[in-house]
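> task: produce atomic coordinates for the following.
(one chain, ligands or ions: 1)
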Amino acid sequence: MNSPLLPTYARPDVVFEKGEGVWLVTRDGERYLDLGAGIAVNSVGYSHPHLVEALTDQAAKLWHTSNLFRIPEGERLAQRLVDASFADTVFFTNSGAEALECAIKMARKYHAVSGSPERFRIITVEGAFHGRTLATIAAGGQKKYLEGFGPKVEGFDQVPFGDFAALEAAIGPETAAILLEPIQGEGGIRPFPLGDLRRLRQICDEKGLLLIFDEVQSGVGRTGKLFAHEWAEISPDIMAVAKGIGGGFPMGACLATAEAGKGMTAGTHGSTFGGNPLAMAVGNAVLDVVLADGFLEHVRQMGILFKQRLASLRDRYPDVVEDIRGEGLMLGLKVKPPNNEIVEAARAHHLLVIGAGDNVVRLVPPLVISETEIAEAFDRLEAAIKAVSQKAQAGDTRRALP
Ligand code: PLP
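Numbering: from 1, shown residues only. Predicted structure coming up:
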């Protein structure tokens with residue numbers, strides 16, 4: 001297929017024209033049940049009437065003014081995020097990577113204004129994904145994203161997942177912060193044990209380091225709490241959020257305590273578009289839905305239901321499914337055949353799932369998914385897994401023949 005687009009994505013030839021709740025509809029009217037949600041973005045489902053109304057109302061009034069002027073809807077959204085979290089202050093961005101850039105700069109600046117400008121290094125964890133800018137590929141540390149793009153941005157030290165000895169050894173006089181996703185998303189839905197998160201908080205407190213959580217994928221209700229770190233009953237000093245916070249409108253945010261943010265004074269950071277009136281109108285509408293009574297409870301219940309059903313797949317198709325992971329509606333199946341085989345088999349059954357690192361199939365549906373839709377999704381997923389299992393067995397039999 002000839003396309004004028006830079007070929008950085010290998011896309012299947014599928015075009016969606018509209019979406020409704022957890023369903024996507026192609027130009028030909030074919031309906032797909034979507035457990036990918038635009039990579040954990042469409043948190044409250046497609047065409048949510050409250051979001052559509054918020055966006056169209058704002059579109060008729062004012063799109064953009066720049067941050068040279070006050071944006072009341074942004075002030076309101078920031079206040080609501082502050083009220084609902086550990087944070088005292090918020091900077092709005094257009095994407096996850098930019099929220100991380102703000103977090104990284106803020107951590108460095110904090111030490112600079114605290115009299116330790118030499119403390120600029122940040123410890124990250126293997127398997128991490130923090131975005132595609134030069135600093136965030138350095139933070140993520142993955143060779144495949146760094147290769148060919150010149151010298152890696154200085155100041156990131158990576159340690160293996162769950163290795164506290166390596167982490168403590170990596171802390172030096174130049175260390176400013178520790179950065180991690182409470183549940184690694186792209187890395188393969190790998191949750192940090194809650195005890196590990198608490199221990200990290202303790203280490204940061206003892207060593208005077210800032211703790212930065214990347215909740216770009218795990219935040220805004222995805223795990224059944226507003227933010228995934230709440231499960232551990234600790235809080236970070238700085239947190240990056242994006243994806244679900246805009247429900248499909250491109251936006252992100254960097255949240256921080258007043259202390260961690262104390263160096264970010266007028267002129268130290270900025271964004272032309274970040275926090276513009278359209279994004280802020282949608283962000284407030286998303287929060288209306290996610291913070292409504294019973295919404296997070298719904299996510300928790302659907303998560304438990306789905307995980308229980310998925311566990312049965314491991315028992316019945318041990319040749320395909322190795323492990324079930326995750327929390328709430330951020331779930332993963334570690335599989336034995338290449339994960340793209342399952343992704344493609346699922347698509348043949350009009351079910352959308354996404355691959356992730358560690359050979360995982362990722363299930364991150366819109367959080368409004370119902371019990372009936374979970375049952376439907378499960379049936380389609382099982383059919384896909386069965387097809388892959390049968391194909392593998394047929395292959396084995398053929399190989400076994402003389
Ligand atoms: N951090 C995490 C945990 C992510 O999952 C992602 C995107 O997948 C990012 C950062 C980067 O976000 P964006 O693609 O919006 O820049």
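> so what's the spatially most central residue of the chain up against?
For the chain, Gln217 is the residue whose C-alpha lies nearest the centre (C-alpha atoms, centre = their mean; 1.1 Å). Residues near Gln217 by C-beta atoms under 8 Å, 6 or more residues apart in numbering: Ile39, Ala40, Gly96, Glu181, Ile183, Gly185, Glu186, Lys243, Met330, Val364. Quick note: C-beta positions are derived from backbone N, CA and C, even for glycine.
> gap between the second one and Pro4?
Relative to Pro4, Ala40 is positioned 28 Å away (C-beta to C-beta, to the nearest Å).
> more neighbours: which of those two?
Ala40 (26 against 4; other C-beta atoms under 10 Å).
> give me every residue that touches that one.
The neighbourhood of Ala40, defined by C-beta under 8 Å, 6+ apart, consists of Gly185, Gln217, Arg222, Lys243, Gly244, Met330, Val364.
> reformat those residues as JSON lines; add pLDDT, secondary structure and distance to Gly148.
Output for the contacts of Ala40, formatted as JSON lines (pLDDT from 0 to 100; DSSP: H, G, I helix; E, B strand; the rest coil; distance: C-beta to C-beta, whole Å):
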{"residue": "Gly185", "pLDDT": "98", "secondary structure": "coil", "distance to Gly148": "24"}
{"residue": "Gln217", "pLDDT": "98", "secondary structure": "coil", "distance to Gly148": "26"}
{"residue": "Arg222", "pLDDT": "98", "secondary structure": "coil", "distance to Gly148": "32"}
{"residue": "Lys243", "pLDDT": "98", "secondary structure": "helix", "distance to Gly148": "27"}
{"residue": "Gly244", "pLDDT": "98", "secondary structure": "helix", "distance to Gly148": "32"}
{"residue": "Met330", "pLDDT": "98", "secondary structure": "strand", "distance to Gly148": "31"}
{"residue": "Val364", "pLDDT": "98", "secondary structure": "coil", "distance to Gly148": "30"}
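> ok, which of these also contact the ligand?
Contacts with the ligand within these, as defined by C-beta under 6 Å from any ligand atom: Gly185, Gln217.
> what about the contacts of Ala40, which one has the most neighbours?
Neighbour-wise, the contacts of Ala40 (other C-beta under 10 Å) top out at Val364, 31 neighbours.
> that residue and Ser218: what is the separation?
10 Å.
> what is in contact with the two at once?
Common neighbours of Val364 and Ser218, counting by C-beta under 8 Å, 6+ apart, are Gly185, Met330.
> give me the mean pLDDT for stretch 303-320.
Stretch 303-320 carries an average pLDDT of 96.
> what are the buried residues along that stretch?
Using 16 or more other C-beta atoms under 10 Å as the test for burial, stretch 303-320 gives Gly303, Phe306, Lys307, Arg309, Leu310, Leu313, Arg314, Tyr317, Asp319, Val320.
> got phi/psi on the fifth one?
What that stands for is Leu310. phi -60, psi -30 (degrees, to the nearest 10).
> what residues does the chain put near the ligand?
39, 95-97, 100, 129-131, 181, 185-186, 214, 216-217, 242.
> what ranges do the helices span in the stretch 101-250 of the chain?
Using DSSP state H, counting those that start in this stretch, the helices of the stretch 101-250 of the chain run over residues 134-140, 143-146, 164-170, 194-207.
> just these: most buried one?
helix 134-140 (a mean of 24; mean count of other C-beta atoms under 10 Å).
> now that one: how far from the chain's centre is it?
Relative to its chain's centre, helix 134-140 lies at 16 Å (C-alpha atoms, centre = their mean, to the nearest Å).
> quick one: contacts of that helix?
Contacts of helix 134-140 (C-beta under 8 Å, 6+ apart): 97, 100-101, 104, 122, 124, 128-131, 145-146, 149, 152-156, 179.
> which members of these are classed as buried?
Among these, those buried by neighbour count (16+ other C-beta under 10 Å) are 97, 100-101, 104, 122, 124, 128-131, 145-146, 153, 155-156, 179.
> how deep is the closest residue to the ligand within the stretch 51-200 of the chain tucked in, by neighbour count?
In the stretch 51-200 of the chain, the residue found nearest to the ligand is Gly96; the distance is 2.3 Å by C-beta to the nearest ligand atom. If you count neighbours by other C-beta under 10 Å, Gly96 ends up with 28.
> low-confidence ranges, this protein, go.
Residue ranges of the chain with pLDDT under 70: 1, 396-402.
> how far does the longest helix belonging to it sit from the chain's center?
The longest helix of the chain (DSSP state H) is helix 371-400. From the chain centre to the centre of helix 371-400 is a distance of 27 Å (C-alpha atoms, centre = their mean).
> helices or strands next to it in the packing?
strand 31-34, helix 295-316, helix 339-348, strand 351-352 (3 or more C-beta pairs under 8 Å, 6 or more residues apart in numbering; DSSP states H and E).
> make JSON lines out of those and add distance to Glu206.
Output for these, formatted as JSON lines (distance: least, C-beta to C-beta, whole Å):
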{"stretch": "strand 31-34", "distance to Glu206": "44"}
{"stretch": "helix 295-316", "distance to Glu206": "32"}
{"stretch": "helix 339-348", "distance to Glu206": "39"}
{"stretch": "strand 351-352", "distance to Glu206": "45"}
